[in-house]
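Chemist: How does the following fold in three dimensions:
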Amino acid sequence: MLRADMAPPSSVVMCPSAGAPVGPVLPPTLSTPRARAMLVLSWLAGFNCRAPLLAAGPLLPLVIRDLHLSATAAGALTGVPLFAMAALSVPGGLLVDRAGPWRVLMAAQLAIAVGGGLRGAAGGALTLLVPAALLGAGISLSQPALARVAQVALPGRAAVATAVYVNGLILGVLAGTTLSTTALLALVGPASWRGVCALWALPGLAAAAGWAVLRRAGSHESPSAVAARSPAGWRVPGFAPVVVAFAAQAMIFYGAITWLPEFYVTRGWSVAAAAVPVTAVAAASVAVSVLAPVLVAASGGYRTPFVIAAALAGAGQVGVALAPAAGTAWGALIGAGTTLAFALGLAAAADLVPADRVGAATGLMLTAGHGAATAAPLLLGAARDLSGGFTAGWVLMVGAAAALAAAACRVPEGRRQPGRAGDR
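Modeler: Residues are numbered from 1 along each chain as shown. Okay, here's the model as predicted:
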């Protein structure tokens, strides 16, 4: 089965002016310089989708003191980009399906660089939050485009290409949270948090330039493929369980990293000890970030890997609720299961969905994930306020784990789902 944007190996491209063949069009493989460039730039784009965003948290005490921000305005520094990511993921996916990923990634990575860097020039709350919204908009456009690039870079092996940029996302989280107030702050000296924001703009500028060069070299996007794209990317048979699973893993992950420390402090642990389970979540996330393609290849599809992810995350969440003393082990299981489900969801969007619907389908999935990520900490906090403890909240999270397991069992067994006639 051939997608609309991929010609058979024996086909040729006709020169519009002369009608003469100008050479064969071959689907890229890992052995081609172009495919390798796609993967490198995908990793950099993934890194840039997280590092500048997550740098805001560690820098927040400096920003509050310098700009005299209220607690509400300070919280909005992270909340505004997340809201933009949730609101614009579906429109961003539709844009990818129409304009192609190359133009979108070039503009989106530039938006991340400009928005993230301009935060350092802020003189107050408004001039801080407007560029933060631009940062979130750039991220919301980048992620559906990366799913499309994964499909083009390694046809039939999108899980491998997805693992590359998921690794960039996860290492971007670690870099943004650990380097901002250590190495980078020491490097910029008197420029303080403003200088750190400027430094985090550099990966975005590099990525935007790289995608511009790659687009000039040829995009593997034919006008007919772009014109044929459908706005109904979410109406793909079998993809709904992937969306549910993706939302459920986000709910479990963000609920855990937000409330596990406070939960263990209320049980008499020191602040330092209470941070260890969350550290285990992060460490396990890094460890399994490249495991998804191995499991997909071994099982021949996505259902079994999703079931494994659900079992890991569910065991961790049930463990927290029933035997909280082993918090580090449960944190590691939650991190491993949710990160595996996260990577599988992004890979499935590229591997299960016809080419002309990847952007919209990924956008819908990301919107569900961002919405669940925003809701989980709020719901757990409200449950604690109402009940006076964490039991009700953990029951809610166990329910999310059950939803993840139920959705995993309904994920399609195979790879590519049948598309329209134009996808063949």
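Chemist: C-alpha only now, for contacts and for neighbours.
Modeler: Fine.
Chemist: what's near enough to touch Met38?
Modeler: For Met38, the contacting residues are Val149, Ala153, Leu214, by C-alpha atoms under 8 Å, 6 or more residues apart in numbering.
Chemist: meant to ask about Val271, not that
Modeler: Pro261, Val265 are the contacts of Val271 under C-alpha under 8 Å, 6+ apart.
Chemist: for Met106, same thing?
Modeler: By C-alpha under 8 Å, 6+ apart, Met106 lies in contact with Ala207, Ala208, Ala209, Gly210, Trp211, Ala212.
Chemist: Secondary structure element holding Leu62?
Modeler: Using DSSP states H and E, Leu62 falls within helix 56-67.
Chemist: Check the offset of that helix from the chain's centre.
Modeler: Centroid separation for helix 56-67 versus its chain: 25 Å, with C-alpha atoms, centre = their mean, to the nearest Å.
Chemist: downstream neighbour of it in the secondary structure list?
Modeler: Per DSSP H and E, the first helix or strand lying C-terminal to helix 56-67 is helix 71-99.
Chemist: buried ones in that next one?
Modeler: Using 16 or more other C-alpha atoms under 10 Å as the test for burial, helix 71-99 gives 73-74, 76-98.
Chemist: re the thing from before, just the contacts of Met38: which are in helices?
Modeler: Counting by DSSP state H, the contacts of Met38 place Val149, Ala153, Leu214 in helices.
Chemist: now the helices for the stretch 101-250 of the chain?
Modeler: Secondary structure of the stretch 101-250 of the chain by DSSP state H, counting those that start in this stretch: the helices cover 101-118, 125-153, 158-178, 183-188, 192-216, 223-228, 240-266.
Chemist: will you turn those helices into CSV that also has mean pLDDT and distance to Ala284?
Modeler: What follows is these, written out as CSV (pLDDT from 0 to 100; distance: least, C-alpha to C-alpha, whole Å):
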stretch, mean pLDDT, distance to Ala284
helix 101-118, 95, 27
helix 125-153, 91, 22
helix 158-178, 87, 11
helix 183-188, 92, 24
helix 192-216, 93, 25
helix 223-228, 41, 39
helix 240-266, 91, 12
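Chemist: Those: which one's closest to Thr391?
Modeler: Of all the helices of the stretch 101-250 of the chain, helix 240-266 sits nearest to Thr391, with 10.2 Å by C-alpha to C-alpha.
Chemist: So for the helix or strand just after the closest one, mean pLDDT?
Modeler: Downstream of helix 240-266, the first helix or strand assigned by DSSP H and E is helix 271-274. For helix 271-274, mean pLDDT is 84.
Chemist: repeat for stretch 68-84
Modeler: Here the average pLDDT along stretch 68-84 is 81.
Chemist: Other residues contacting that stretch?
Modeler: Applying C-alpha under 8 Å, 6+ apart, the contact partners of stretch 68-84 are 53, 56-57, 60, 63-64, 124-125, 128-129, 132-137, 140, 370, 374.
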